[in-house]
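Visitor: give me a model of this one.
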Amino acid sequence: MTLLELRGLSRRFGDFVALDSVDLSVQAGEFLTVLGASGSGKTTTLRLIAGFDRPTSGSIWMDGTDLAPLPPFRRPVNTVFQHYALFPHMSVRDNVGYGLRMQKVAPTEIARRVDEALAMVRLAELGARAPKQLSGGQQQRVALARALVNRPRVLLLDEPLGALDLKLRREMQLELKQLQTQVGITFIYVTHDQEEALTMSDRIVLMRAGRIEQIGTPRQMYDSPRTRYVADFIGDTNLFHTTNASGENVEVSIRPEHVQLVAAEGGTILGVVDAVTFVGSTYRVRVALADGQKVVALEGVPREIGQRVAVKWDPNRGVIVHE
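Guide: Numbers count the residues shown, from 1 in each chain. Model (predicted):
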């Protein structure tokens with residue numbers, strides 16, 4: 001069921017078009033990630049939904065109401081930022097309950113809902129602590145609890161894991177997805193990190209220059225990119241120029257895990273190994289072809305720099321992409 005709709009949403013700053021006639025339907029209860037490079041329009045989209053900025057044109061609809069004219073405090077959404085903005089002089093409990101106190105909610109109801117929110121983020125025993133006594137991951141969970149306690153229809157997350165180290169960020173990715181599944185609230189998550197998008201999302205919206213480049217599940221985005229930009233942005237890829245069955249010149253995307261390196265006499269596309277990188281369970285092997293193109297393959301064992309090899313792949317694994 002569609003919960004939120006963006007219809008022809010645009011935002012211009014003078015001659016600069018930050019968002020260009022975007023149409024997007026967000027389903028109730030889904031984890032939607034808006035992915036893109038800096039300047040692609042992803043944060044502008046989030047700010048427009050939150051009400052921190054006004055669209056130049058277009059509308060934002062929820063339950064038959066256009067949210068665009070409404071101020072932030074009248075919208076059924078809450079936002080979690082990269083910098084959590086916790087009040088240092090307040091305890092964890094007081095931070096989480098702050099919004100409810102501003103709404104004049106009864107103290108007994110505040111206490112009940114704060115307990116519920118802290119339990120959701122597994123911080124029930126830390127309510128009396130000050131924010132400075134918490135780790136980065138715990139502070140991030142407090143910020144989540146402060147947003148969830150207001151029971152928003154949509155939770156907006158603006159790169160909330162960006163300040164965490166890599167190991168903690170990966171742990172929090174799993175926790176966020178589990179939390180979203182548990183509470184059933186629609187999450188709209190903004191990031192430039194394609195690993196985060198692939199790990200957590202039900203669907204990914206990849207943006208480019210203020211427009212939507214492609215929408216799909218993580219698997220669809222990875223296995224079936226429609227354009228060169230999507231293939232290159234979502235994971236690693238190799239791009240080859242070839243001809244299709246109709247004799248047309250096309251560009252084909254081949255993921256590194258589908259490239260095979262064999263003995264030089266075993267194929268017609270020959271090259272020389274010029275870089276080998278250990279990436280945990282596999283080796284990332286780069287091969288320089290005679291025409292100067294670089295091809296990347298993933299292998300279980302390392303190759304010698306300077307080794308001559310032939311490059312092969314299963315044609316069924318190739319995906320034709322467009323500009």
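Visitor: from Pro72, how far out is Gln140?
Guide: Counting by C-beta to C-beta, to the nearest Å, the separation of Gln140 from Pro72 is 21 Å. C-beta here means a position set from N, CA and C on the backbone, and glycine is covered the same way.
Visitor: I meant to write Arg54 there.
Guide: 11 Å.
Visitor: have a look at Gln140 and Pro72 and say which one is more surrounded.
Guide: Neighbours were counted for Gln140 and for Pro72 using other C-beta atoms under 10 Å; Gln140 has more, 25 against 15.
Visitor: after the helix or strand encompassing Glu5, which helix or strand is next?
Guide: Element membership for Glu5 (DSSP states H and E) is strand 2-13. Going down the chain from strand 2-13, the next helix or strand is strand 16-27, by DSSP H and E.
Visitor: could you pull out the buried residues of that next one?
Guide: Within strand 16-27, the residues that count as buried by 16 or more other C-beta atoms under 10 Å are Val17, Ala18, Leu19, Asp20, Val22, Leu24, Val26.
Visitor: what helices or strands is it leaning on?
Guide: Contacts defined by 3 or more C-beta pairs under 8 Å, 6 or more residues apart in numbering; DSSP states H and E place strand 16-27 against strand 2-13, helix 42-50, strand 57-62, strand 186-191, strand 211-216.
Visitor: CA-only coordinates of the second one in PDB, if you can.
Guide: Looking back up the chat, that one is helix 42-50. Extracted in PDB, the C-alpha atoms of helix 42-50 (Å, rounded to 0.1, in the frame of the first residue of the first chain):
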ATOM      1  CA  LYS A  42      19.100  12.900  -2.100                       C
ATOM      2  CA  THR A  43      19.400  15.200   0.900                       C
ATOM      3  CA  THR A  44      17.200  17.800  -0.800                       C
ATOM      4  CA  THR A  45      14.500  15.100  -1.200                       C
ATOM      5  CA  LEU A  46      14.800  14.300   2.500                       C
ATOM      6  CA  ARG A  47      14.600  17.900   3.500                       C
ATOM      7  CA  LEU A  48      11.500  18.500   1.400                       C
ATOM      8  CA  ILE A  49       9.700  15.500   2.900                       C
ATOM      9  CA  ALA A  50      10.700  16.600   6.400                       C
END
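Visitor: per-residue pLDDT, the most centrally placed residue in the chain?
Guide: Against the mean C-alpha coordinate of the chain, by C-alpha atoms, centre = their mean, the closest residue is Ala197 at 3.2 Å. pLDDT, Ala197: 94.
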